[in-house]
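Enquirer: Just need the structure, nothing else, for what follows:
(chains A, B, C and D)
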Protein chains: 4
Amino acid sequence: MKGKRYIIGVIGSGGEDPEFNRLAEEVGSVIASKGHVLVNGGLGGVMEASARGARKNNGLTIGILPSTDASAANPHVEIPLPTGLGEGRNLLIIRAASGLVAVGGGFGTLSEIAFALKLKKPVAGLKTWDVSEDIMEASSPAEAVEKVIKAIEELDKTG
Amino acid sequence: MKGKRYIIGVIGSGGEDPEFNRLAEEVGSVIASKGHVLVNGGLGGVMEASARGARKNNGLTIGILPSTDASAANPHVEIPLPTGLGEGRNLLIIRAASGLVAVGGGFGTLSEIAFALKLKKPVAGLKTWDVSEDIMEASSPAEAVEKVIKAIEELDKTG
Amino acid sequence: MKGKRYIIGVIGSGGEDPEFNRLAEEVGSVIASKGHVLVNGGLGGVMEASARGARKNNGLTIGILPSTDASAANPHVEIPLPTGLGEGRNLLIIRAASGLVAVGGGFGTLSEIAFALKLKKPVAGLKTWDVSEDIMEASSPAEAVEKVIKAIEELDKTG
Amino acid sequence: MKGKRYIIGVIGSGGEDPEFNRLAEEVGSVIASKGHVLVNGGLGGVMEASARGARKNNGLTIGILPSTDASAANPHVEIPLPTGLGEGRNLLIIRAASGLVAVGGGFGTLSEIAFALKLKKPVAGLKTWDVSEDIMEASSPAEAVEKVIKAIEELDKTG
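Expert: Numbers count the residues shown, from 1 in each chain, chains lettered A, B, ... in the order given. Below you'll find the model as predicted:
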């Protein structure tokens, strides 16, 4: 990898939705193909799909878990980090990531988007909550990841 | 006071907006007049106004602060609780409260609304984020507080 | 009350030990008799005994709970604050308090004493961990509370 | 690597002490040589030395930071995780690790040892706090790491 390695978060629902999972897997795949690290909440649905996608490209995957039980992580999480903070771990995902891609998602994801916007972290959205113009629209997983990386690089320069 | 005493959260922006502050002060005033405890984030704007309103009726006011500095609390907070968790304290407000009134608010408030909905705590809204039908609409501070208390009482019964 | 009202923490084991409970109840009683607020972890043993003592003198008692369940608080806690942070709530007790009295205690109490010493909060000890000369020795509950209050007042003056 | 990969924590003071740093570097080196992941608090002293040792053997190093600033991590941290929780991150290190090695250390380290003992995580000590017989004594970094790994493996078997 030539460029800098970033930690990129993927947020979305833990429920199993075929379309969201397909998008999330592709998001994870693209993140890893560019040499970046994926962080997410470590459970099912969008979290598992994105980790699976990243692992296909040998990406490093970190799961910041709500419980104290590392074995709750999906099998594609290389580094499970149990926190015991419940939903409190949502903020930790946002603080750990330099930028985020949101795929679908319920109220937990909404809390994460809100924190990301509050903390001025770049967020790209795929079929997710439409609560702010600060969320970068994307028509494909690849475009979402590219927009987030570009935004992170620009913040890094002006940083 | 005859009924049970509840801890009711008031969430909203820390910025100073005359209309939001007027609404928030009335919300705090009604909460205290009914003998309930007010919890909020302890800083300015809606937080300060609602605490001021509660104190006018001798209500107990708790401020769950983002920093480690108790003196950051507004002067109407009787019990300042510095957490040092930054925005992590937002979740603690939601967990401490049995129900919430949201007045206006930015992304921090949005994170709180999302947590409240995720945790199935009753939320009434006054000119706030319109992200779910689960937020109870109210046309006045008194109505907002009444709806929240009624919802808490019903949850209490069904256990 | 003439002086300033402080939030004083009482830390110690959740197990039931007659001697520790007797000491803790007296500590709570003295804190309330001087008009101060008691904060602790809200559960049994030293936590329940100190809250009971404070309530005998109509003191305000705050319980910062590890779970998300307010009903886990002992019956002498006026303000139960469920956090859902597990042992993470130990640090919040220390941050909330201006000074602390430790009575007996296991590893959880040791973590609290360590945080208190790290954050330079005054700590008085009654039959507790002997890990630092910074812990003020006391031969009675009244002496422990007095030493903590005096230390808080001195910190208040010097800012 | 043949066996299972564990996340092992190294805890100790952030101050610079030549002897502690030498021990910590060797601890990190042994952890990585056995294919395990190192987690620590990401700052200086024992944290930096242990990460440097791990990186010499191409180990993966994770730094769970107190601030919100990833750039506060020492240069040997591959995965900096800013938390913004201050000393609250101490508990996260313990929850993330399956076992720990303590090298010297002040009150922060004492809080970590207390949490580890409370949560029944194996801890080996090198010139550290002598607060419990549950801390496994070791006469060298290699022995400390070996004892921790053996204890983790036994816990793994018994589930």
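Enquirer: Can you name the residues of chain A that neighbour chain D?
Expert: Residues of chain A lying near chain D by Cβ under 8 Å from any Cβ of the partner chain: A:7, A:37, A:60, A:62, A:68, A:70, A:79-84, A:91-92, A:95-96, A:98, A:119. Where you see a C-beta, it was placed from the backbone N, CA and C, and this is true even at glycine.
Enquirer: Buried ones from the residues you listed, can you make that a PyMOL selection?
Expert: Under the burial definition 16 or more other Cβ atoms under 10 Å in any protein chain shown, those of those that qualify are selected in PyMOL by:
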select buried, chain A and resi 7+37+60+62+70+79+80+81+82+83+84+91+92+95+96+98+119
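Enquirer: Kindly identify which of the residues of chain A next to chain D also come near chain B.
Expert: By Cβ under 8 Å from any Cβ, the members of those lying near chain B are A:91, A:119.
Enquirer: Of the residues of chain A next to chain D, which belong to strands?
Expert: Using DSSP state E, the subset of those located in strands is A:7, A:37, A:62, A:79-82.
Enquirer: so what does the longest helix anywhere in chain A touch, helix or strand wise?
Expert: With secondary structure taken from DSSP state H, chain A has its longest helix at helix A:141-158. Applying 3 or more Cβ pairs under 8 Å, 6 or more residues apart in numbering or on different chains; DSSP states H and E, one finds that helix A:141-158 contacts strand A:7-12, helix A:18-33, strand A:99-103, strand A:123-126, strand A:135-137.
Enquirer: how far does that helix sit from the chain's center?
Expert: With Cα atoms, centre = their mean, to the nearest Å as the basis, helix A:141-158 stands 13 Å off its chain's centre.
Enquirer: what is the mean pLDDT for that helix?
Expert: Looking at helix A:141-158 alone, the average pLDDT works out to 96.
Enquirer: Out of the helices and strands packed on helix A:141-158, flag the one nearest chain C.
Expert: Closest to chain C of those is strand A:7-12 (Cβ to the nearest Cβ; 19.8 Å).
Enquirer: Using CSV, list the CA coordinates for that closest one.
Expert: The C-alpha trace of strand A:7-12 is given here as CSV (Å, rounded to 0.1, in the frame of the first residue of the first chain):
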residue,chain,number,x,y,z
ILE,A,7,-9.5,3.2,10.1
ILE,A,8,-12.9,3.4,8.4
GLY,A,9,-16.2,2.6,10.1
VAL,A,10,-19.1,0.8,8.6
ILE,A,11,-22.4,1.4,10.5
GLY,A,12,-25.8,-0.1,9.8
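Enquirer: Now do it against helix A:141-158, angle only.
Expert: Put simply, strand A:7-12 runs at 140 degrees to helix A:141-158, going by axes from the mean of the first three to the mean of the last three Cα atoms, to 10 degrees.
Enquirer: Adjacent strands (with direction) for strand A:7-12?
Expert: If you go by DSSP bridges, strand A:7-12 pairs up with strand A:37-40 (parallel), strand A:99-103 (parallel).
Enquirer: Could I get the average pLDDT for the first one?
Expert: Confidence over strand A:37-40, taken as the mean pLDDT, stands at 98.
Enquirer: what sits up against it?
Expert: A:5-11, A:28, A:31-32, A:46-47, A:50-51, A:54, A:59-64, A:93, A:96-97, D:79 (Cβ atoms under 8 Å, 6 or more residues apart in numbering or on different chains).
Enquirer: Pull out the buried members of these.
Expert: Looks like the contacts of strand A:37-40 have A:6-11, A:28, A:31-32, A:46-47, A:50-51, A:54, A:59-64, A:93, A:96-97, D:79 buried, using 16+ other Cβ under 10 Å.
Enquirer: Surely A:Thr128 and A:Glu112 touch.
Expert: No: contact between A:Thr128 and A:Glu112 fails when scored by Cβ atoms under 8 Å: they sit 10.1 Å apart.
Enquirer: Overlap in contacts, those two.
Expert: Shared contacts of A:Thr128 and A:Glu112 (Cβ under 8 Å, 6+ apart): A:102, A:105.
Enquirer: Compare these two (neighbour count), which wins?
Expert: Legend: neighbour count by other Cβ atoms under 10 Å in any protein chain shown for A:Thr128 and A:Glu112, higher for A:Glu112 (29 against 25).
Enquirer: I figured the more buried one hits A:Ala102, correct?
Expert: Yes: assessed by Cβ under 8 Å, A:Glu112 is found in contact with A:Ala102 at 7.3 Å.
Enquirer: What sits closest to A:Ala32 if chain neighbours are left out?
Expert: Using Cβ to Cβ, 6 or more residues apart in numbering or on different chains and skipping residues adjacent in sequence, the residue nearest A:Ala32 is A:Gly59, 2.5 Å away.
Enquirer: and that neighbour, what is it in contact with?
Expert: Counting by Cβ under 8 Å, 6+ apart, A:Gly59 touches A:28, A:31-33, A:36-38.
Enquirer: quick one: A:Thr109 from A:Gly45, how far?
Expert: 10 Å (Cβ to Cβ, to the nearest Å).
Enquirer: same question, A:Lys56
Expert: Taken as Cβ to Cβ, the span from A:Lys56 to A:Gly45 is 18 Å.
Enquirer: ok now do A:Ala97, which residues does it touch?
Expert: A:7-9, A:39, A:116, A:121 are the contacts of A:Ala97 under Cβ under 8 Å, 6+ apart.
Enquirer: Widest-spaced pair of those?
Expert: Taking Cβ to Cβ as the measure, the contacts of A:Ala97 span a maximum distance of 13.2 Å, between A:Ile7 and A:Ala116.
Enquirer: Apart from its neighbours in sequence, what residue is nearest A:Gly14?
Expert: A:Gly45 (4.4 Å).
Enquirer: so what's the one you found up against?
Expert: A:12-17, A:20-21, A:24.
Enquirer: circling back: now tabulate the strands paired with strand A:7-12 in JSON lines and tack on distance to C:Pro75.
Expert: Shown next, in JSON lines, are the strands paired with strand A:7-12 (distance: least, Cβ to Cβ, whole Å):
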{"stretch": "strand A:37-40", "distance to C:Pro75": "42"}
{"stretch": "strand A:99-103", "distance to C:Pro75": "44"}
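Enquirer: B:Lys150: which of those is closest?
Expert: Comparing the strands paired with strand A:7-12 by Cβ to Cβ, strand A:99-103 comes nearest, at 34.3 Å.
Enquirer: so how far is that closest one off the chain centroid?
Expert: On Cα atoms, centre = their mean, the centre of strand A:99-103 falls 5 Å from the chain's centre.
Enquirer: quick one: it to helix A:18-33, angle?
Expert: Relative orientation of strand A:99-103 versus helix A:18-33 (the same axes, to 10 degrees): 160 degrees.
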